[in-house]
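**Q** sequence first, predicted model second:
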Amino acid sequence: MANQKLLQAFKASNPTILTSISSQEIAARIAKILIKSGPEHLETAPPLLSNLDSHITNLVLLNPSLPPRCCLTFFNFLKRNQSLVCHKPDLRAHVILISRLFQAKKFAAMKNVLTWIVMDNNLLSSFADMVYLIDNGFHEPKFVETMCDMLFRVYADNNKFEEGLQVFDYMGNNELMIDHRSCIVYLLALQRCNKVLMCLDFFRKMVKNKVDITVYSMTIVVNVLCKKGMVDRAKDLMIEMSGKGIKPNVVTYNTLINSYIKKMDVERVDEMLRLMEMDKVVCNAATYTLLIDLYGSFGKIDDAEKVFVEMHEKGIGVDIHLYTSMISWHCKLGNMKRAFVLFDELTEKGLHANAHTYGALIDGVCKSGKMDAAEILVNEMQCQGLDVNQVIFNTLINGYCKKGMIDEALGVQDVMEKKGFENDIFTYNTIANGLCKLDRLEDAKRWLFTMIDKGINPNAVSFTTLIDIYCKEGNLVEAERLFQGMKKKGEKPNIVSYNALMDGYGKKGKLKEAYQLKDEMEAMGIISDIYTYTSLMHGECIFGKIEKALNLFNEVRQKGLVINVVAYTVIISGLSRAGRSDEAFRLYDEMKEAGLVPDDRVYTSLVANL
DNA sequence: TTAGGGTTAG
């Protein structure tokens, strides 16, 4: 029925066809061959092919006795044999094929044909071409609706957002039903491409066009805003939508909690938890994992353990993410015993450790210097059928580097390459730092320059390592150049970068420059830490300004910074060199009382580069 | 159809 209508509409817009009987005959013959023998037999009928034009193609496709399956094979034949057939199916032919597939409910095939159209700029230069066709021959609303919906998804899948929007607007203006699931596809595509404002604008459009908004689409927009750091705006959107009846769920809340945790905004985290309670949204394992991260990042492992117990009491199901997080924090704090207890416990609970879990544990044993244990764990994970991935290789390389075992580190790196992993930025930075530790500064530089030659952009860690190397070599000009260079390349110097350069200035007696840098850093919102003060104190001590060093030391105390053995050594040796041994001894006792072990190597390294 | 876990620098 619908086909007949199409045929008539088509004929009406192409009056020449009425007189062109031979075209119809050719079309009929092609159809006959397609039905009886399949498209490959068309090759045995060259006159048919050489006479083929868009009218004939369209007539073939519209032939009601030709099943949609045959239309598709005919089409594929034309696409495949462009050397044999001079004629290429045009946009109209594609849409006719789509309509035939629609009648046969072959939706996946329809989508494929739409993708061909979208990917071929010669076929469809703008959506207006499609509108023209729809207005001139394809009036059946259900078909137009389905095709537009699919086209909208295809545009989204191929990141053609402007075109997608045109389809959306067309559907809205023509009162075609817009499927909210298609809008989710579009939102997810925008999310993938980091198009934050477009995402928000589109969501507003969805609301305006009365598309069925769900918690899923809202949460996608909340997530996109959060990932761009616009957390308060995300929260406002959630509250606004909640007022319109779209209630946030645990995923929405977790998204916001995650972002507030990353910003260390405890107050807002609490606010979200309160809102959840009011909304009767129950926390899940993901919420608890986030809270454990929050406590872990503040070093409050006891509080992390408390919430871990609390969730057990509340009967909330645990999962491997949660255990991996707990294990990771214990490893970071050196509590390897507890980490292994948790590792055993998860197995008892029927959970399976994955590469992330092993990764955390391997890093823990590496950091405690137990490389043999690390190797055992690597074997164990392989026995469990888990592949050693690049992160684990890098972790092992770092473990050996930290112990000064550079040959073993390079051995692991070799195995990694043989397994098909190329060195990544972590590998390069880690090995460069391993070499620095052994004072092989030239080799370290060579690794980093090789990395750059291979087209990997240096990140803040790479720049900082190089700055530190040049400072150690006394080449402040180059260190400064790199420091400015990293800013220009959009790599923001962090506290380690600033401290490295300040240390370089201090050792050269350029205290004025060092203090200037400290001011600059603090103006950027970075708070001076014990390394900052130690570098400055060291600089002052070297050049006999012990009073200034003591002022800095008092500042450290006032700020409540934890004083480490290096900081103590700097000030103690400064005092003794200034002949103030009483004060030096007093601080020496204080250091021991604080449980710190005096370290000859620290002292040696302090005077080594002077 | 939306959220949470492992690696690098002083």
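**A** Cool, the structure landed.
**Q** so who does residue A:456 touch?
**A** Counting by Cβ atoms under 8 Å, 6 or more residues apart in numbering, residue A:456 makes contact with A:424, A:425, A:428. In short, each C-beta sits where N, CA and C put it, glycine included.
**Q** thought residue A:387 was touching residue A:355?
**A** Yes: if you go by Cβ atoms under 8 Å, residue A:387 and residue A:355 touch, sitting 7.2 Å apart.
**Q** so those two - more neighbours on which side?
**A** Taking other Cβ atoms under 10 Å, residue A:387 and residue A:355 do not tie; residue A:355 has more neighbours (17 against 9).
**Q** touching, the more buried one and residue A:381? I think so.
**A** Yes: assessed by Cβ under 8 Å, residue A:355 is found in contact with residue A:381 at 7.1 Å.
**Q** shared neighbours of the two, anything?
**A** In contact with both residue A:355 and residue A:381: residue A:392, using Cβ under 8 Å, 6+ apart.
**Q** ok, the most centrally placed residue in chain A - contacts?
**A** What sits nearest the mean C-alpha location of chain A, by Cα atoms, centre = their mean, is residue A:192, with 9.1 Å. Remark: with contacts taken as Cβ under 8 Å, 6+ apart, residue A:192 is in contact with residue A:159.
**Q** what does residue A:95 give?
**A** Counting by Cβ under 8 Å, 6+ apart, residue A:95 touches A:130, A:133, A:138, A:147.
**Q** ok, so of those, who is nearest DNA strand B?
**A** Nearest to DNA strand B among the contacts of residue A:95 is residue A:147, at 18.5 Å by Cβ to the nearest atom of the strand.
**Q** is any residue of stretch A:481-501 near DNA strand B?
**A** Yes: judged by Cβ under 7 Å from any atom of the strand, stretch A:481-501 and DNA strand B are in contact via A:494, A:495, A:496, A:497, A:499, A:500.
**Q** the second one is in contact with residue A:526, isn't it?
**A** Yes: taking contacts as Cβ under 8 Å, residue A:495 lies within contact range of residue A:526: 5.2 Å.
**Q** any stretches of the stretch 101-250 of chain A with poor pLDDT?
**A** Counting by pLDDT under 70, the stretch 101-250 of chain A has no low-confidence residues at all.
**Q** might you enumerate the residues of it proximal to DNA strand B?
**A** Residues of the stretch 101-250 of chain A lying near DNA strand B by Cβ under 7 Å from any atom of the strand: A:181, A:184, A:185, A:188, A:214, A:215, A:216, A:219, A:220, A:223, A:249, A:250.
**Q** grab the nearest non-local neighbour of residue A:457.
**A** Ranked by Cβ to Cβ, 6 or more residues apart in numbering and with sequence neighbours excluded, the top spatial neighbour of residue A:457 is residue A:489, at 7.5 Å.
**Q** show me which residues of the stretch 451-600 of chain A sit near DNA strand B.
**A** Checking the stretch 451-600 of chain A against DNA strand B by Cβ under 7 Å from any atom of the strand, the hits are A:459-461, A:464-465, A:468, A:494-497, A:499-500, A:503, A:529, A:531-532.
**Q** give me the buried subset of these.
**A** Among those, those buried by neighbour count (16 or more other Cβ atoms under 10 Å) are A:460-461, A:464-465, A:468, A:495-497, A:499-500, A:503, A:529, A:531-532.
**Q** residues of stretch A:361-373 that come out buried?
**A** Buried residues in stretch A:361-373, counting neighbours by 16+ other Cβ under 10 Å, are found at A:361, A:362, A:363, A:364, A:365, A:366, A:367, A:370, A:371, A:373.
**Q** any idea how far the fourth one is from residue A:302?
**A** In this case it means residue A:364. 18 Å (Cβ to Cβ, to the nearest Å).
**Q** ditto for the second one
**A** To residue A:302, residue A:362 is 25 Å away according to Cβ to Cβ.
**Q** just the fifth one next, same as before
**A** Per Cβ to Cβ, residue A:365 is found 23 Å from residue A:302.
**Q** can you check the first one too?
**A** Distance, residue A:361 to residue A:302, using Cβ to Cβ: 21 Å.
**Q** again with residue A:252
**A** 30 Å.
**Q** between those two, who's got more neighbours?
**A** For the pair residue A:252 and residue A:302, the greater number of neighbours falls to residue A:252 (28 against 8), based on other Cβ under 10 Å.
**Q** nearest residue to that one other than its sequence neighbours?
**A** Excluding its sequence neighbours, the residue lying closest to residue A:252 (Cβ to Cβ, 6+ apart) is residue A:219, at 4.6 Å.
**Q** distance from the chain centre to the strand or helix carrying that neighbour, please.
**A** Residue A:219 belongs to helix A:215-227 when assigned by DSSP states H and E. Using Cα atoms, centre = their mean, to the nearest Å, the mean C-alpha position of helix A:215-227 is found 15 Å from that of the whole chain.
**Q** does anything pack onto that helix? Which helices or strands?
**A** If you count contacts as 3 or more Cβ pairs under 8 Å, 6 or more residues apart in numbering; DSSP states H and E, helix A:215-227 packs onto helix A:180-192, helix A:196-208, helix A:231-243, helix A:250-262.
**Q** can I get those helices in CSV with distance to residue A:395?
**A** Below are the helices and strands packed on helix A:215-227 laid out as CSV (distance: least, Cβ to Cβ, whole Å):
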stretch, distance to residue A:395
helix A:180-192, 29
helix A:196-208, 34
helix A:231-243, 31
helix A:250-262, 23
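**Q** closest to residue A:65 out of the ones you listed?
**A** Counting by Cβ to Cβ, residue A:65 lies closest to helix A:180-192 out of these; the figure is 34.1 Å.
**Q** with just CA atoms, put the closest one into CSV.
**A** Coordinates of each C-alpha in helix A:180-192 appear next as CSV, following Å, rounded to 0.1, in the frame of the first residue of the first chain:
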residue,chain,number,x,y,z
HIS,A,180,14.1,10.2,25.3
ARG,A,181,16.5,7.3,24.9
SER,A,182,17.7,8.9,21.6
CYS,A,183,18.3,12.1,23.5
ILE,A,184,20.4,10.1,26.0
VAL,A,185,22.5,8.8,23.1
TYR,A,186,23.0,12.4,22.0
LEU,A,187,23.9,13.6,25.6
LEU,A,188,26.4,10.7,26.0
ALA,A,189,28.0,11.6,22.7
LEU,A,190,28.4,15.2,23.8
GLN,A,191,29.8,13.9,27.1
ARG,A,192,32.3,11.8,25.2
